[in-house]
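My questions are about this predicted structure, shown below with the sequence.
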Amino acid sequence: MQRILVVDDDDMNLKMAEFILKKDMKEIEVLLADTGMKAIDILQREKVDLVLLDFQMPVMNGLKTLELIRKREDLKDIPVIFLTASSDRDTVVKAGLMGVADYIKKPFMPKDLVERVNKALLYKALDNPLLADLLGKKA
């Protein structure tokens, strides 16, 4: 079972993302955090396959949270998709340099959310050395 951590300070966004992902994806577990610090805590305790991370949060924004994820050896390879209402160029550039997997503009459409999550999970699976070996490709 794959696990997705959704991080957003807006309770409605958390519930909507959880509902959409559970409804449209099989064999998925959704974990929720309403702050960047709670997200880091969950990531330290739980195996997570993908993080959906809100950019604009109080106290510790998504960029700072992503920075902490990327600094940890045990977390740095987890794909992160930004959820953002902003299309600020500086934000996009900074996140891109830190290896963000994708962006989803809020408010998100259910189909778009599911497609982008599936794509990120597929890319993660294809990057797995065991799968690459099975497919006869070099990782």
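All right, it came through fine.

Now Pro58. Nearest residue, chain neighbours left out?
Sequence neighbours aside, Asp9 is the residue nearest to Pro58 in space, at 6.2 Å (criterion: Cβ to Cβ, 6 or more residues apart in numbering). For the C-beta atoms, the positions are set from N, CA and C on the backbone; glycine is no exception.

swap that for Leu63, sorry
The shortest distance from Leu63 to any non-neighbouring residue, by Cβ to Cβ, 6+ apart, is to Lys94 (6.0 Å).

Double-check that the one you found belongs to a helix.
Yes. Applying DSSP: H, G, I helix; E, B strand; the rest coil, one finds Lys94 inside a helix.

With Lys47 as the reference, measure out to it.
Applying Cβ to Cβ, to the nearest Å, the value for Lys94 to Lys47 is 27 Å.

So for the two, which residue has more residues nearby?
Lys94 (14 against 8; other Cβ atoms under 10 Å).

what residues are up against the closest residue to Lys106 other than its chain neighbours?
In this structure, Lys106 finds its nearest non-sequential neighbour in Ala85, 4.5 Å apart by Cβ to Cβ, 6+ apart. Ala85 makes contact with 55-56, 105-107, according to Cβ atoms under 8 Å, 6 or more residues apart in numbering.
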